[in-house]
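Undergrad: fold the following for me, if possible:
(chains A and B)
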Number of protein chains: 2
Amino acid sequence: MSHTVTAAERDLLGLVAGGLWFAFESLARDAQLATDLRSKTALGAMAVAEYGHYEAVVRRIADTGADPGEVVGAYLPILDRFHRATAPRDLLEGLTKAYLGDALAADYALEIASHASPAVSGFIAGEVVDCGQETFIVPAVRAAVAADPHVGGRLALWGRRLMGEELALAQSLAAQRGDLAELVMGGPDTPGAGLGEYARMLTRMTDTHSARMRRLGLEP
Amino acid sequence: MSHTVTAAERDLLGLVAGGLWFAFESLARDAQLATDLRSKTALGAMAVAEYGHYEAVVRRIADTGADPGEVVGAYLPILDRFHRATAPRDLLEGLTKAYLGDALAADYALEIASHASPAVSGFIAGEVVDCGQETFIVPAVRAAVAADPHVGGRLALWGRRLMGEELALAQSLAAQRGDLAELVMGGPDTPGAGLGEYARMLTRMTDTHSARMRRLGLEP
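TA: This next block holds a predicted model:
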């Protein structure tokens, strides 16, 4: 990637790096909550993989000539608030959040990236990838839900709440970081898909989130 | 490494893996406490490096034909108690603990490994290495101590307390996991350096710990 990314694309890279950072942090904390060595090792490996993607995006931002501390740092407070508001109370909530939340963050990044240049969107697509969530988390949560129907009910509420908090986050991002929304909708001087596109995007994300909840054995 | 490690050597590998696991966990949590992106990234990279060493030791244990879940898992409760008892209250305590504690854990492993076979002790020496603690932590703590003498006093107390808790941990390990102490001192059927050697070993570790505290600008 050269220095030719737009300011909005650079901001999008900053958001992606911030999201990957919190994926690393959350998986490391989930690894701590796990009690058996196999789960700890698997979650640790996922955290390490997310860190690798985070580092690659930070390097790309530096390649554009910008200061990653500023570009990524601008997103840390809003992402931190989201993650504090959705702090898991136990390992199963942590795993459910890692599966649903990390995938939803990837959906959001890819939706916005689809309005960016092919170079930027291709790069982002290579960094917001599954790091073992599908292989490790889906069977673990499904087994817990199958073993106890109360777990399924509790985690379904949790999954719906996560979606609500993510929608609120997406709205805050659009309000506070206007260039991201403008990348999607277009602005005074930029082409875009129009005012309704951001809302349609969130609807598509809700549908995919529901499908993923079903995959975990949860009623969306 | 072949299947020919002794039971005591396998247990030592289990302890080393357990120690590296908590180094990963602690550095990931320190990265979370850091507020600027440069520190977060540096601490995250150190956590990732420690995880890599942890994984290598777990693989070696599996290579001996043993179940790493049992061998490493046997040490997790006692190490967990130690880390809960020495949970840092802020980033500076976390950094000080990562520098002093990880190095002291390495000293302990290497002291015991010096009584194991050259293959085992050589392998361990390659895994309990500095992962950036010297480059990143020493200047950060020294700068904080130079900027505020109260910080130096508080962290000196913290460093002394860490040493005390580590000595207690070493005594518990010797009591609960007799084969480790036997590797050093010798037992009914095994040669060793005698009863006094474990105590002399702890004295040497205390001296090295004091030198490291001075390196951080702290009065031991």
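Undergrad: give me the contact list for stretch A:66-83.
TA: Outside stretch A:66-83, the residues within contact range by C-beta atoms under 8 Å, 6 or more residues apart in numbering or on different chains are A:10-11, A:13-15, A:17-19, A:21-22, A:25-26, A:58, A:61-62, A:165-166, A:169, A:172-173, A:176-177, B:36-38. For glycine as for every other residue, the C-beta is placed from the backbone atoms N, C-alpha and C.
Undergrad: now stretch A:117-131
TA: A:1, A:5-6, A:9, A:12-13, A:16, A:19-20, A:23, A:27, A:46, A:49-50, A:53, A:56-57, A:60, A:102-103, A:105-106, A:109-110, A:113-114, A:116.
Undergrad: now it: average pLDDT?
TA: Taken as a whole, stretch A:117-131 has a mean pLDDT of 95.
Undergrad: now do A:Ser210 against A:Leu162, distance only.
TA: As defined by C-beta to C-beta, to the nearest Å, A:Ser210 lies at a distance of 12 Å from A:Leu162.
Undergrad: more neighbours: which of those two?
TA: A:Leu162 (22 against 16; other C-beta atoms under 10 Å in any protein chain shown).
Undergrad: which SSE is the more buried one in?
TA: helix A:149-176 (DSSP states H and E).
Undergrad: and that helix, what's buried?
TA: The neighbour-count check on helix A:149-176 (16 or more other C-beta atoms under 10 Å in any protein chain shown) flags A:151-152, A:154-156, A:158-160, A:162-163, A:165-166, A:169-170, A:173-174 as buried.
Undergrad: after it, which helix or strand is next?
TA: Assigned by DSSP H and E, the successor of helix A:149-176 is helix A:178-185.
Undergrad: before we move on, back to that, show me what the helix holding A:Leu162 is packed against.
TA: helix A:76-85, helix A:91-113, helix A:138-147, helix A:178-185, helix A:195-215 (3 or more C-beta pairs under 8 Å, 6 or more residues apart in numbering or on different chains; DSSP states H and E).
Undergrad: how about these in TSV, adding mean pLDDT?
TA: What follows is the helices and strands packed on helix A:149-176, written out as TSV (pLDDT from 0 to 100):
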stretch	mean pLDDT
helix A:76-85	95
helix A:91-113	95
helix A:138-147	96
helix A:178-185	83
helix A:195-215	92
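Undergrad: name the stretch among the ones you listed that sits most buried.
TA: helix A:91-113 (a mean of 22; mean count of other C-beta atoms under 10 Å in any protein chain shown).
Undergrad: could you give the angle of that one to helix A:195-215?
TA: 150 degrees (axes from the mean of the first three to the mean of the last three C-alpha atoms, to 10 degrees).
Undergrad: how much does helix A:91-113 deviate in direction from helix A:76-85?
TA: 150 degrees.
Undergrad: please give the centre-to-centre distance between the following helix or strand past helix A:91-113 and its chain.
TA: Next helix or strand after helix A:91-113 toward the C-terminus (DSSP H and E): helix A:118-127. Centre-to-centre, helix A:118-127 and its host chain are 15 Å apart (C-alpha atoms, centre = their mean, to the nearest Å).
Undergrad: how much space between the residue of chain A found nearest chain B and A:Gly52?
TA: At 3.6 Å from chain B, A:Ala28 is the closest residue in chain A, using C-beta to the nearest C-beta. A:Ala28 sits at a distance of 13 Å from A:Gly52 (criterion: C-beta to C-beta).
Undergrad: more neighbours, these two?
TA: Taking neighbours as other C-beta under 10 Å, A:Ala28 and A:Gly52 compare with A:Ala28 leading, 27 against 15.
Undergrad: was I right about that one contacting B:Ala28?
TA: Yes. If you go by C-beta atoms under 8 Å, A:Ala28 and B:Ala28 touch, sitting 3.6 Å apart.
Undergrad: name the residues contacting each of the two.
TA: With C-beta under 8 Å, 6+ apart as the test, A:Ala28 and B:Ala28 both reach A:Ala47, B:Ala47.
Undergrad: close to chain B: what parts of chain A are there?
TA: For chain A, the residues in contact with chain B (C-beta under 8 Å from any C-beta of the partner chain) are A:21, A:24-25, A:28-29, A:31-32, A:36-38, A:40-41, A:44-45, A:47-48, A:51-52, A:54-55, A:58, A:68-69, A:72-73, A:76.
Undergrad: most centrally placed residue in chain A?
TA: Chain A has A:Ala105 as the residue nearest its centroid, 2.2 Å off, counting by C-alpha atoms, centre = their mean.
Undergrad: which non-adjacent residue is nearest that residue?
TA: A:Gly19 (4.4 Å; C-beta to C-beta, 6 or more residues apart in numbering or on different chains).
Undergrad: check contacts around the one you found.
TA: A:Leu79, A:Asp102, A:Ala105, A:Ala109, A:Val128.
Undergrad: make JSON lines from these and add distance to B:Gly94 to it.
TA: Shown next, in JSON lines, are these (distance: C-beta to C-beta, whole Å):
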{"residue": "A:Leu79", "distance to B:Gly94": "21"}
{"residue": "A:Asp102", "distance to B:Gly94": "26"}
{"residue": "A:Ala105", "distance to B:Gly94": "27"}
{"residue": "A:Ala109", "distance to B:Gly94": "31"}
{"residue": "A:Val128", "distance to B:Gly94": "29"}
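Undergrad: tell me how far the residue nearest to A:Asp107 when sequence neighbours are not counted lies from A:Ala7.
TA: Closest residue in space to A:Asp107, ignoring its immediate chain neighbours: A:Met205 at 5.0 Å, by C-beta to C-beta, 6+ apart. A:Met205 is 24 Å from A:Ala7, where distance means C-beta to C-beta.
Undergrad: can you check A:Ala147 too?
TA: Computed as C-beta to C-beta, the A:Ala147 to A:Ala7 distance reads 50 Å.
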